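Q: got a structure for you, letters missing:
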């Protein structure tokens, strides 16, 4: 694919990606994800999206993940090898078993890879910095969730070790400006912090043609003419979906006559399905206001059939679902969580509202369902293509790989204040 003249702001460094030729230096990347397909994980989905783009550019990617109950030690996902290691059985100090198994695996295959990369920066994942030091691999962690990945840095028992691990890494990727500030506050050296956002496949996620919309709604058994407000995501407390659903049905759609459609899997934090059960009961009691659908890996038709995307989360990183909705030309409404407020340009691609402010949320939804809402969607698509396309994001990672492995081949680098 063409490099163009895309520019990736890395927080402390701005890398002009058209000054390098990563195809001349194919990289071998081992990506670590604690949860991976078939488990639902936004971070793993992002890693897989990046891996597909890197593979198209001639790089080699494998995955390593935790072997949770019922999973085989090896599988193949979309042509990528996925190796699974046992994370330990004990509730306390299970990370030591995980680290021992991870060390054995990486040491045995250390000559097969150049980069060891984790899709989160938790205490357990930051260990790869120390592992890379002894195995000769360059190491990268990405902080994926604000006020979460780095929260252990404030716990007395692990503060010093987590801080030490973070500073043994070669690079810390922040997907949002807030996470960049969290890395700094955690004591990570500024030059190691790189701002590379999450990406979206804008060739796959795109608006539906006008004549497709009716057919999509019929296929999904959705009302042909009723406005649809779409929620996509795991059904858990952090996402705040139960608050949204209850507000929507008790306030009778706030006068919008829109159907709130929630599509998502049951949370690992809700093993008994109590939260999902309460949502299902609401949907049964108010079928004209709220509908609950099982999650499907083929989520695209739901975006293309909807009118507005909504995300009421209390805490985020840089949410995939907002990126996907923007790429599909949907105006977006979201609570003012980290990442969401960075993606949504107020009054231009959608609106944000204060957490748990039902009236503020309703005003935002009405604005996006108004005649001007269609223009918000057009602009959202433009922003997604220009700033968050997976091609632009992969340019940033290629530049980072070259900086770590072939620093003398990287040119055109200028310093910015971060």
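A: Yes, it's here. If you're wondering where the values come from, they're calculated on a predicted model, not measured in any experiment.
Q: State the number of residues packed around residue 60.
A: As a burial measure, residue 60 scores 17 neighbours (other C-beta atoms under 10 Å). All C-beta atoms are positioned from the backbone trio N, CA, C, and that covers glycine.
Q: Once you drop chain neighbours, what's closest to it?
A: Nearest residue to residue 60, sequence neighbours excluded (C-beta to C-beta, 6 or more residues apart in numbering): residue 28, at 4.6 Å.
Q: Against residue 101, how distant is the one you found?
A: Look at residue 28 and residue 101: by C-beta to C-beta, to the nearest Å, they are 21 Å apart.
Q: More neighbours: which of those two?
A: The neighbour comparison of residue 28 against residue 101 (other C-beta under 10 Å) goes to residue 101, with 18 against 14.
Q: residue contacts, the residue lying closest to the more buried one once chain neighbours are set aside?
A: Take residue 101 and drop its neighbours on the chain: the residue closest to it by C-beta to C-beta, 6+ apart is residue 85, 4.2 Å away. By C-beta atoms under 8 Å, 6 or more residues apart in numbering, the contact set of residue 85 is 64-67, 73, 98, 101-102, 105.
Q: rerun at 7 Å
A: 64, 66-67, 101-102, 105 (C-beta atoms under 7 Å, 6 or more residues apart in numbering).
Q: So which of those sit within helices?
A: Of the contacts of residue 85, the ones assigned to helices by DSSP state H are 101-102, 105.
Q: Show me which of those residues is closest to residue 187.
A: residue 102 (23.7 Å; C-beta to C-beta).
Q: Could you measure from the closest one over to residue 128?
A: 8 Å.
Q: where do the helices sit along this protein?
A: Using DSSP H, the helices of the chain run over 42-56, 94-108, 128-135, 159-168, 177-185, 210-219, 241-250, 274-285, 300-305, 320-327, 340-343, 358-369, 373-387, 390-405.
Q: Pick the most deeply packed of these.
A: Ranked by mean neighbour count, those are led by helix 320-327 with a mean of 28 (mean count of other C-beta atoms under 10 Å).
Q: Show me what that one packs onto, helices and strands only.
A: helix 42-56, strand 308-311, strand 332-335, helix 340-343, helix 373-387 (3 or more C-beta pairs under 7 Å, 6 or more residues apart in numbering; DSSP states H and E).
Q: Rebuild these as TSV, extending it with mean pLDDT and distance to residue 114.
A: As requested, the helices and strands packed on helix 320-327 are exported to TSV (pLDDT from 0 to 100; distance: least, C-beta to C-beta, whole Å):
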stretch	mean pLDDT	distance to residue 114
helix 42-56	97	12
strand 308-311	98	36
strand 332-335	98	37
helix 340-343	96	31
helix 373-387	97	28
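Q: quick one, which of those is nearest to residue 93?
A: helix 42-56 (23.7 Å).
Q: What helices and strands are in contact with that closest one?
A: Helix 42-56 sits against strand 28-33, strand 60-66, helix 320-327, helix 390-405, with contacts defined as 3+ C-beta pairs under 7 Å, 6+ apart.
Q: quick one: which of these is nearest residue 163?
A: Judging those by C-beta to C-beta, what sits closest to residue 163 is strand 28-33, at 20.2 Å.
Q: and the angle from that closest one to helix 94-108?
A: Angle, strand 28-33 to helix 94-108, by axes from the mean of the first three to the mean of the last three C-alpha atoms, to 10 degrees: 170 degrees.
Q: got the buried residues for strand 28-33?
A: Using 16 or more other C-beta atoms under 10 Å as the test for burial, strand 28-33 gives 29-33.
Q: Show me what it is packed up against.
A: Checking 3+ C-beta pairs under 7 Å, 6+ apart, strand 28-33 ends up next to helix 42-56, strand 60-66, strand 115-118.
Q: picking up where we left off before, output the buried residues of strand 28-33 as JSON lines; include the columns pLDDT.
A: As requested, those are arranged in JSON lines below (pLDDT from 0 to 100):
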{"residue": "29", "pLDDT": "98"}
{"residue": "30", "pLDDT": "98"}
{"residue": "31", "pLDDT": "98"}
{"residue": "32", "pLDDT": "98"}
{"residue": "33", "pLDDT": "97"}
